[in-house]
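1. Give me a model of this one.
(chains A and B)
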Amino acid sequence: MPLTVLVFLPAFAGLLALLLPAGRAQYARWVALAGSLVALALSIVLFFDFETGAGFQFIDRETWIDVGAFEIQYFLAVDGLSLPLVVLTTFLTTAAVLVSFNIEYRPRAYFACLMVLSTAVLGVFTAMDFLLFFLFWELELFPMYLLISVWGSGRREYSAMKFVLYTVAGSAFMLVAILALAFSAGTFDMQVLGTETITTAVLPLRWVFLFLFIGFAVKLPIVPLHTWLPDAHSDAPTAVSVMLAGVLLKMGGYAIIRTCVTILPDQANDYGIWLAAIGSISVLYGAFVTFRQTDVKRLIAYSSVSHMGLVLLGIGALGTTAMVGAAYQMLAHGLITGMLFVVVGLMYERTHTREIGRLGGLARQMPLIATGLVFAGFASVGLPALAGFIAEVTVFLGAFQKHEWAVIMAIFGVVLSAGYILWTLQRVVFGPVRHEWDEADDQKHWWEHASVVGLAVLVILLGVYPDLIMDMLDPAIEVVSARVGA
Amino acid sequence: MSELDIVGPQLAILLTAGAVLVWDALQPSRRRYLPFIALVGLAGAAIWTTTWVIRGDFQTAFDGTFAIDKYAVFFQYVFAGITAVVVIASIDWVNRVGRRQSEYYALVLTASAGLMFLAGARDLITIFLALELSSIPQYILAGWGKDQRSSEAGMKYLLLGAIASALLLYGMALLYGFSGSTLLTDIAAAVSETGADSRSLLVVASVLLIAGFGFKMAVVPFQMWVPDVYQGAPTPVAAFLSVGSKAAAFAVVMRLFFEGLGEGFLSDDWAMIFAVIAAASMTLGNVFAIVQRDIKRMLGYSSIAQAGNFMIGLAAISIVGDHFVQGASGVLLFVAAYAFTNLGAFIAVITISQRIGSDNIGDYAGMWRRAPLLALALAFCLISLAGIPPTAGFWAKLYVFNAGIRADLAWLVIIGVLNSVVSAYYYLAVVRTMFLGEAEDEQKLRISPTVAVALGVATVGVIVFGFIPTPLVNAAREAAAIFATG
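-> Okay, here's the model as predicted:
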């Protein structure tokens, strides 16, 4: 029951916000904030109630559709892998609500979309029936499409449509794979699928693996399926960028571990080296392209491609340490990139430009925002004692034995990231003061402080006390790596 | 009496058609009651069908040429429902045209009776007569409008329909020549006894039959008439053609092929023909639909693509478990879901087009503000046509794809899902135009209560079956169970 409440609570709050009378539209933000805070509190309670290493917990399970040909369950559960991601989602939802606190254009519909998005993502992380998982995966498209195309900027309709088409094309392959798997195993139950050994299917199993991987790789995203991401990011409103970078990309990484690797371990072993190769290519390519960006949001978007490549590299190594690192990298990247987008969003609200060339010397005019940007930038580079460092080191340590050269390439990519982040900070925050922005004020509203500080605190916490999460991830990942025989 | 009892629903409708004409002659000042008389007749037919469901002792009549069984009952409900919705949707348009009102309803009812005869026909002659009984009124109806386009549509439909009938008869003649009987059961017996010796003859007969029915189903390569006729014919008639005759053609083809030509060596041949036609229809229909600016032409091409989706079910001759049931129940489910959905879409289009005087998709911009409920209903129907959850269309597609996977047709299912992606693009483009486009004219549209009822029924059906598909799926499975012997 608690998971059902947690998953649908945001959507319920969104519905309430939508149903507010027109004269009280400005209260929508409070309804959304209340909903997201309660969800956050509930997820934290679950986090501390969770019994580490005891498999799937908080199970909600009912038969939903049973028509002989297939049985579909309403089946929610979390384990050590998904629960941290659930907490990340509720946390970033709260942050997303806070950074959009001063939205004025159709606030009721806006917060409704945002909260439904949160429900969809929570559903993906908790669904343990493959078809239910697919439904939540698709549900996420509607609010995202609307959020980008209605509240976005620039070529928003183009970007929104591109996002939808990429995702839908990926999920088309995913659906074929899901049906093929379910037919051979006789069930959509991911827990059963994850323990049985499937040897034959109507499709060659390597195709099934490939189809699933394509569906998730679009979301991750990997090079060359990543081109929707910079467009979506640069045209999306701040809160949506936070959700997109923070949790939506993680759906891809989570799903690869949960389904590709766990359900088809033999194929994962066969193709692990390819995953690692694609991962390190993404790291390098993303880093190189990042250097060329002149738009702050596109820059962060490409750096995301680079950082998510590390996740794939970790998964491709298939060992416990490497996959724990990959999972940790997802959390760390969610927080750090979420924070980067929050801070850049604050900056954009004041300057109305994201052109790096037009910014400069902001440390003088908006010191608080500049501090946030520098902090998040350092975290993104992987400064020790911050979350990103732990994640990168764990991935490299875990993957090195298996894929030496891939790790070496990836490390080079990380070095590049130090380059582009520092160069960006130098151009945006330091350097000569531009009097154009003299009138711009600094971060001043309580909600702005709350979201920036909240994210920063977590980035530090995960950097100095990784065991808080590692202890939970470890047993869950061990189950997976035992499946692949590592 | 008992034989008349078996065709009672059809007779009830034919009598109502007569009653409509008589009423118009006797009470010309009370023409407004005409549609209600038609609806009473249809309700009578549905009730009569229900008594057969309650009695449960299904049987055949007229020397086995006509059957009432679960399969016939399923389609009789579908056809009665379709006709009722078409009648309701026609009221406004017929009133506006003004002339020959009773003839219009009488023709619709006659066509409907023909469709219902098709549902239970088990004999080549009966099939052909029932087909003509439903077709000839539809030729007339397609040319019902006063403009040149409508006349062209009627003429085109008539000429091509005549060619299709000729092909059909030729195929039937070959079958008769082979088996010496027109009864499907006799043909099946002959095929299983000596069919293997005359395989090429039977394949030629199958091809001719498929060509003849393919015209009614509007599948590639027998689809040329569709866009012109849909665009030219009065919209309520186009709605009727798009669901009624398509569904009937599938109903009779399933019975003809599964019951009469279901022998293993033969079904492999025609299943492959169906698979190829399915792939071609989906692909061509969707590709042409994308570039349409006229919403009726767009729906025309989309109906070609949808017929391709149905046809996956025909091709899915599963070797697992019951020979035909998977694919057949998929087709039934799809027919029912599509009937609701496409009718809903057409009704919304009829209403909007009449009010704004244009069929151009661009003129639907801002419809969300001008007629919120209408726009919402159309959006749900289009989403269901695209096969996006949670709608009836999603489950139908899922079920058919599942049947395809089971029948080892993974390649076809992959083409199917990729086509779903393409179709999502143009369906959602209309939704986007309605919700995000800027209206040139902010004037609100008025909706008559009858249209609201018809549209409401269709939309609620789409959504309710989206969340609770089990009853509909089970009904389709039971109806398809008559093929379980194969």
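2. Might one say that residue B:132 is in contact with residue B:114?
-> Yes - using C-beta atoms under 8 Å, residue B:132 makes contact with residue B:114 at a distance of 7.4 Å. C-beta coordinates here come from the backbone N, C-alpha and C atoms, glycine included.
3. I figured residue A:279 hits residue A:312, correct?
-> Yes - between residue A:279 and residue A:312 there is a contact at 3.3 Å, judged by C-beta under 8 Å.
4. what residues are shared contacts of those two?
-> residue A:222 (C-beta atoms under 8 Å, 6 or more residues apart in numbering or on different chains).
5. Tell me which stretches of the stretch 151-300 of chain A form helices.
-> For the stretch 151-300 of chain A, the helices defined by DSSP state H, counting those that start in this stretch occupy A:156-185, A:190-193, A:205-219, A:228-235, A:238-243, A:249-255, A:262-263, A:265-291, A:296-317.
6. Switch those over to CSV; also include distance to chain B.
-> CSV is the format used below for these (distance: least, C-beta to the nearest C-beta, whole Å):
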stretch, distance to chain B
helix A:156-185, 4
helix A:190-193, 15
helix A:205-219, 8
helix A:228-235, 14
helix A:238-243, 16
helix A:249-255, 17
helix A:262-263, 16
helix A:265-291, 16
helix A:296-317, 22
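7. With mean pLDDT, mean neighbour count and distance to residue B:120 as extra columns, can I get these in a markdown table?
-> Formatted as a markdown table, the helices of the stretch 151-300 of chain A follow (pLDDT from 0 to 100; neighbours: other C-beta atoms under 10 Å in any protein chain shown; distance: least, C-beta to C-beta, whole Å):
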| stretch | mean pLDDT | mean neighbour count | distance to residue B:120 |
| --- | --- | --- | --- |
| helix A:156-185 | 88 | 23 | 33 |
| helix A:190-193 | 90 | 20 | 43 |
| helix A:205-219 | 92 | 23 | 42 |
| helix A:228-235 | 92 | 24 | 52 |
| helix A:238-243 | 94 | 28 | 55 |
| helix A:249-255 | 94 | 24 | 48 |
| helix A:262-263 | 93 | 24 | 46 |
| helix A:265-291 | 92 | 21 | 50 |
| helix A:296-317 | 93 | 28 | 57 |
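8. Would you format those as JSON lines with distance to residue A:115 included?
-> Compiled in JSON lines, these are given as follows (distance: least, C-beta to C-beta, whole Å):
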{"stretch": "helix A:156-185", "distance to residue A:115": "19"}
{"stretch": "helix A:190-193", "distance to residue A:115": "26"}
{"stretch": "helix A:205-219", "distance to residue A:115": "21"}
{"stretch": "helix A:228-235", "distance to residue A:115": "19"}
{"stretch": "helix A:238-243", "distance to residue A:115": "11"}
{"stretch": "helix A:249-255", "distance to residue A:115": "17"}
{"stretch": "helix A:262-263", "distance to residue A:115": "30"}
{"stretch": "helix A:265-291", "distance to residue A:115": "31"}
{"stretch": "helix A:296-317", "distance to residue A:115": "23"}
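9. out of everything not next to it in sequence, what's closest to the closest residue to chain A within the stretch 151-300 of chain B?
-> At 12.0 Å from chain A, residue B:290 is the closest residue in the stretch 151-300 of chain B, using C-beta to the nearest C-beta. Closest residue in space to residue B:290, ignoring its immediate chain neighbours: residue B:426 at 4.9 Å, by C-beta to C-beta, 6 or more residues apart in numbering or on different chains.
10. Give me the helices and strands touching the helix or strand that the one you found is a member of, please.
-> Secondary structure from DSSP states H and E places residue B:426 in helix B:410-436. Packing contacts for helix B:410-436, counted by 3 or more C-beta pairs under 8 Å, 6 or more residues apart in numbering or on different chains; DSSP states H and E, involve helix A:141-151, helix A:156-185, helix B:264-290, helix B:295-315, helix B:367-370, helix B:372-386, helix B:392-406.
11. Please repeat the previous calculation with a cut-off of 6 Å.
-> For helix B:410-436, the elements it packs on are helix A:156-185, helix B:264-290, helix B:367-370, helix B:372-386, helix B:392-406, judged by 3 or more C-beta pairs under 6 Å, 6 or more residues apart in numbering or on different chains; DSSP states H and E.
12. So which bits of chain B are right by chain A?
-> B:389, B:401-402, B:405-406, B:408, B:410, B:413-414, B:417-418, B:421, B:424, B:436, B:470, B:473-474 (C-beta under 6 Å from any C-beta of the partner chain).
13. Give me the PyMOL select line for those, limited to the buried ones.
-> Buried residues within the residues of chain B next to chain A, by 16 or more other C-beta atoms under 10 Å in any protein chain shown, are selected in PyMOL with:
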select buried, chain B and resi 389+401+402+405+406+410+413+414+417+418+421+424+436+473
